[in-house]
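no sequence on this one, just coordinates:
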């Protein structure tokens with residue numbers, strides 16, 4: 001789902017907004033060291049009720065969020 005869809009369907013929209021904001025802040029600082037590294041090279045970061053899957057391009061200093069899941 002897109003974050004907008006998750007937000008619209010969430011029983012507590014503020015909780016989703018707060019988690020999304022926290023993910024943004026966390027990924028600004030050392031994203032290549034945060035979250036769990038998966039076998040495919042992507043990383044996951046859980047900030048309940050959201051789980052973000054992302055990739056880090058260290059050379060470009062870029063983080064790309066590939067997906068967001070809602071996990072109550």
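The structure has been received and is ready for your questions. Bear in mind the structure is a predicted one, so any value in this text is a computation, not a measurement. Numbering: from 1, shown residues only.

so where's this structure shaky on pLDDT?
Residue ranges of the chain with pLDDT under 70: 1.

which of the three states applies to the residue of it most remote from its centre?
Among residues of the chain, the one most distant from the C-alpha centroid is residue 59; the distance is 20.5 Å, by C-alpha atoms, centre = their mean. Three-state call for residue 59 (DSSP: H, G, I helix; E, B strand; the rest coil): coil.

show me the contacts for it.
If you count contacts by C-beta atoms under 8 Å, 6 or more residues apart in numbering, residue 59 has none. Every residue, glycine included, has its C-beta placed from N, CA and C.

what of residue 64?
By C-beta under 8 Å, 6+ apart, the contact set of residue 64 is 54, 55, 57.

and it, how far is that from residue 18?
Distance of residue 64 to residue 18, computed by C-beta to C-beta, to the nearest Å: 22 Å.

quick one: the helices in this structure?
In the chain, the helices defined using DSSP state H lie at 3-9, 13-27.

got those helices as CSV, with distance to residue 35 columns?
Compiled in CSV, these are given as follows (distance: least, C-beta to C-beta, whole Å):
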stretch, distance to residue 35
helix 3-9, 17
helix 13-27, 8
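
is the residue positioned nearest the centre of the chain bridged to anything, and to what?
Geometric centre of the chain, nearest residue: residue 52, 2.6 Å, by C-alpha atoms, centre = their mean. Taking DSSP bridges, one finds residue 45, residue 68 as the beta-bridge partners of residue 52.

repeat for the one 4 residues further on
Legend: beta-bridge partners of residue 56 under DSSP bridges are residue 63.

report how many residues lie close to it.
20 (other C-beta atoms under 10 Å).
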